[in-house]
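[1] coordinates only, sequence not included:
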């Protein structure tokens with residue numbers, strides 16, 4: 001990752017964006033302290049996308065309508081667990 005001082009990032013914003021797209025995330029510093037990261041929009045969308053719930057995943061599964069039948073082995077006994 002390349003590091004840019006904030007003044008340099010402002011003056012060379014177009015170059016900062018080009019490097020972000022070609023090289024990946026770019027760090028911006030202010031008074032020597034890292035304060036921001038510029039990332040490509042695709043990466044931002046992946047990071048901020050809502051998490052899919054298990055139920056939604058199962059409902060959207062391509063196997064949902066495949067008529068797959070899963071049977072539980074009834075021969076084994078269940079364990080009792082004290083809660």
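    Looks like it arrived, so ask away. Worth saying up front: this structure is predicted, and the values here are computed from it rather than measured.
[2] which residues in this structure form helices?
    Counting by DSSP state H, the chain has helices at residues 6-11, 13-23, 41-48, 54-59.
[3] how about those helices in CSV, adding mean pLDDT?
    Below are these laid out as CSV (pLDDT from 0 to 100):
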stretch, mean pLDDT
helix 6-11, 97
helix 13-23, 97
helix 41-48, 94
helix 54-59, 84
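[4] how about those helices in TSV, adding distance to residue 30 and mean neighbour count?
    To be clear about C-beta, it is placed using only N, CA and C from the backbone, and glycine gets the same treatment. Shown next, in TSV, are the helices of the chain (distance: least, Cβ to Cβ, whole Å; neighbours: other Cβ atoms under 10 Å):
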stretch	distance to residue 30	mean neighbour count
helix 6-11	5	13
helix 13-23	14	13
helix 41-48	21	10
helix 54-59	41	9
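[5] what is the burial count for the nearest residue to residue 27 once chain neighbours are set aside?
    Once flanking residues are discounted, residue 27 sits nearest to residue 3: 4.6 Å by Cβ to Cβ, 6 or more residues apart in numbering. Using other Cβ atoms under 10 Å, residue 3 has 12 other residues around it.
[6] distance of residue 54 from residue 61?
    Shown here: residue 54 relative to residue 61, a distance of 11 Å by Cβ to Cβ, to the nearest Å.
[7] identify the residues contacting the residue nearest to residue 27.
    Counting by Cβ atoms under 8 Å, 6 or more residues apart in numbering, residue 3 touches 26-29, 34.
[8] so which of those is the closest to residue 45?
    Lowest distance from residue 45 to the contacts of residue 3 (Cβ to Cβ) belongs to residue 26, with 17.7 Å.
[9] would you mind measuring from the closest one to residue 3?
    For residue 26, the distance to residue 3 equals 8 Å [Cβ to Cβ].
[10] what do you get for residue 76?
    In terms of Cβ to Cβ, residue 76 sits 60 Å off from residue 3.
[11] then residue 80?
    For residue 80, the distance to residue 3 equals 60 Å [Cβ to Cβ].
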